[in-house]
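Colleague: Got a predicted model here, sequence first, then my questions.
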2 protein chains.
Amino acid sequence: MPELRKDPIIGRWVIIATERGKRPSDYVTASAEALDPGKNPFAEGNEHLTPPEVFAFRDPKSKPNSTGWQVRVVPNKFPALRIEGELEKEGQGIYDMMNGIGAHEVVIESPNPDIQLEQQPVEGVARVLEAYKVRMQDLLRDARFRYILIFKNFGRQAGASIAHPHSQLIATPVTPKRVKEKLAGAMHYFAFKDRCIFEDILKQEIREGARLVYENAGFVAFCPFAARFPFEITILPRRQSAYFSDIHPDEILLLADMLKVTLQKLSKALNQPQYNFIIHTAPARYAHHGYWSTIDQDYRWHIEILPRLTLIAGFEVGTGFYINPTPPEESAKYLREIPV
Amino acid sequence: MPELRKDPIIGRWVIIATERGKRPSDYVTASAEALDPGKNPFAEGNEHLTPPEVFAFRDPKSKPNSTGWQVRVVPNKFPALRIEGELEKEGQGIYDMMNGIGAHEVVIESPNPDIQLEQQPVEGVARVLEAYKVRMQDLLRDARFRYILIFKNFGRQAGASIAHPHSQLIATPVTPKRVKEKLAGAMHYFAFKDRCIFEDILKQEIREGARLVYENAGFVAFCPFAARFPFEITILPRRQSAYFSDIHPDEILLLADMLKVTLQKLSKALNQPQYNFIIHTAPARYAHHGYWSTIDQDYRWHIEILPRLTLIAGFEVGTGFYINPTPPEESAKYLREIPV
């Protein structure tokens, strides 16, 4: 059973994923393995190679776990957290831990292993986003989970072990520390100014324009003022909403356009760079606030796109202090001018 | 001039290192370059290829910036922060920034490019540690600096761009966020329990033994309970002291033994893995506390060694939530049993 352990000094939780079973000797020879297409578990026709699907967009006549799908969501075969069981918490001397209850799912974005997310038509990207929403809404009903994290790793150095286009979902019984910090920052700003910090950021970015990358009727993409990485992009919705899972159907299409355009710009500008993206949404409602909470006014869901062009060295990991060699204004100007 | 910019939501400072001059097109073709030995700026005989040294251990008859040294400290030729000028802070709408004043130095650990730190005799490692102490004490006299960070990147993926053994020092005008979190965690624990959390950790690790790696008269090395990385190691001094720069001469020798043994164990266990280490020390005294501070009792300096065997994916960067596939008890047992 995996475990969740809490750092006693700064309060950061870590997943000790015992069942992924990396033994010391595994690291010595670790290297990327080429995947035989017949053994690609995410390819159409290989549905039997994954655990049974939990959701899919598929042709009306097709059967679950067979061909004929456009997007398919399956449990991760080597999950970092396990879905079965009750949450158990305990202390070990001064340390705190709980068993590793959670969900770990894979969203297979297309049956075609060679079509990247941004190469799909807008409707295709929208289907992937709709699958995120459906799974998030479903897992939020499970009272054991506090946070649903949706993210994508593209490229080996960005953490993708299988090349077939996919994203991931992890539901955790704790709210990640960085999420808590963002929530607290937004709450304090609201308490101090009676304004949403995300709305203030949006207004300033639109007014200044120097860090803007792309806008449409529903969303604004910009390189953030204190970007940690070259070409880092934040996508903010224009409508105030704390939860990604509350996105409207028309917003899904606009977000699909936004994601397609920004990822295409990155791909053209930097020759298909490795990247991560993360959807930052608010935690499950019961987990963090009572009737007095201002979260619906103070926090806004958003997406961070993090191209992996620079290495994350000891300095960054040890202190959380990043060195970014390209000013966001320069990144944004370059991306704005890339035609797509 | 580089800039320091603050994330308006979570308060994290970022260095925008404009003078390192990475333009968008630089990333497309970026790859590791082989270094002609004659052009290795850290090699003996090439002292003219670095800025003038700020400190060195050298033969009594030798002259500064010539051959005959054992350890040499020079300013970084491409510094992330600049030493000249007054600190200027300003707001830009809702954003906060300051100019990038600081120090960025390189500690060249040996004139020999092929002898890694752990391959030096204990006296050689002690000389490197003594150089750290001397530079830290010197820079702490500069009232513009709040924090002195000493770290080592070993291996290309861990952030080292030059293979010749070296470590780095960065002095910053702000205390890094992760450091502040540790300080706050230790302070609150002390306020609540009237005990130092580092002493409690040390006692529990020694009593349980399962995560111990190596002990000597001055220091204890163990894999931390909530390790983020496989084979992550914490080195804690037995004597309570908040500042690395207050280390005693006899402790320098014991720390040299400790660092040599643990790095040798890692190297043998994992075939010279890439790693980072970071010295966590308290910030400059005036920066953070008045006469009522308990920092001398609540915080203890320590070293984190972070082997880079797993990739840092979007999940980790976006949420600060790490997945560690090897339990620290297993890492520690393996390292304990490696003979050195």
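Modeller: Perfect, thanks for sending it.

Colleague: Which parts of chain A are helices?
Modeller: Counting by DSSP state H, chain A has helices at residues A:24-28, A:122-139, A:177-193, A:197-208, A:249-270, A:285-288, A:295-298, A:314-319, A:328-337.

Colleague: how far off helix B:177-193 does the third one point, in degrees?
Modeller: Going by axes from the mean of the first three to the mean of the last three C-alpha atoms, to 10 degrees, helix A:177-193 is angled at 80 degrees with respect to helix B:177-193.

Colleague: Is helix A:177-193 positioned near chain B?
Modeller: Yes. Helix A:177-193 comes into contact with chain B (C-beta under 8 Å from any C-beta of the partner chain), by way of A:177-179, A:181-182, A:185-186, A:189. (Each C-beta comes from the backbone N, C-alpha and C, glycine too.)

Colleague: most surrounded residue in those?
Modeller: In terms of neighbour count, A:Val179 stands highest of those at 26 neighbours, by other C-beta atoms under 10 Å in any protein chain shown.

Colleague: hey, what's A:Leu212 bridged with?
Modeller: A:Phe222 (DSSP bridges).

Colleague: And A:Phe192, how close does it get to A:Glu205?
Modeller: A:Phe192 sits 21 Å away from A:Glu205, going by C-beta to C-beta, to the nearest Å.

Colleague: go on, A:Ile247?
Modeller: Distance from A:Ile247 to A:Glu205, counting by C-beta to C-beta: 21 Å.

Colleague: Repeat that for A:Pro37.
Modeller: A:Pro37 sits 44 Å away from A:Glu205, going by C-beta to C-beta.

Colleague: And for A:Ser267?
Modeller: Taking C-beta to C-beta, one finds A:Ser267 at 23 Å from A:Glu205.

Colleague: pLDDT score for A:Glu33?
Modeller: We have a pLDDT of 49 for A:Glu33.

Colleague: Please disregard the earlier target; I meant A:Pro52.
Modeller: 97.

Colleague: so A:Ser167 bridges to which residues?
Modeller: Per DSSP bridges, the residues bridged to A:Ser167 are A:Val107.

Colleague: which residues touch it?
Modeller: The contact partners of A:Ser167, by C-beta atoms under 8 Å, 6 or more residues apart in numbering or on different chains, come to A:106-107, A:109, A:128, A:132, A:150-152.

Colleague: With A:Gln297 instead?
Modeller: Contacts of A:Gln297 (C-beta under 8 Å, 6+ apart): A:190, A:196, A:240.

Colleague: Quick check: the gap between the residue in the stretch 101-250 of chain A positioned nearest to chain B and A:Gly218.
Modeller: Distances between the stretch 101-250 of chain A and chain B by C-beta to the nearest C-beta are smallest at A:Gly159, namely 2.6 Å. Between A:Gly159 and A:Gly218 the computed distance is 29 Å (C-beta to C-beta).

Colleague: Which one's more surrounded, the two?
Modeller: Taking neighbours as other C-beta under 10 Å, A:Gly159 and A:Gly218 compare with A:Gly159 leading, 23 against 18.

Colleague: burial count for the residue lying closest to A:Glu109 once chain neighbours are set aside?
Modeller: Nearest residue to A:Glu109, sequence neighbours excluded (C-beta to C-beta, 6 or more residues apart in numbering or on different chains): A:Pro165, at 4.4 Å. For A:Pro165, the neighbour count with other C-beta under 10 Å is 24.

Colleague: check contacts around A:Pro165.
Modeller: So A:Pro165 contacts A:108-110, A:113, A:115-117 (C-beta under 8 Å, 6+ apart).

Colleague: do the same with A:Thr294
Modeller: For A:Thr294, the contacting residues are A:187, A:190-191, by C-beta under 8 Å, 6+ apart.

Colleague: Name only those of the residues you listed that count as buried.
Modeller: A:187, A:190 (16 or more other C-beta atoms under 10 Å in any protein chain shown).

Colleague: I'd like the contacts of A:Thr294 as a markdown table, with distance to A:Trp69 appended.
Modeller: Output for the contacts of A:Thr294, formatted as a markdown table (distance: C-beta to C-beta, whole Å):
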| residue | distance to A:Trp69 |
| --- | --- |
| A:Met187 | 41 |
| A:Phe190 | 43 |
| A:Ala191 | 47 |
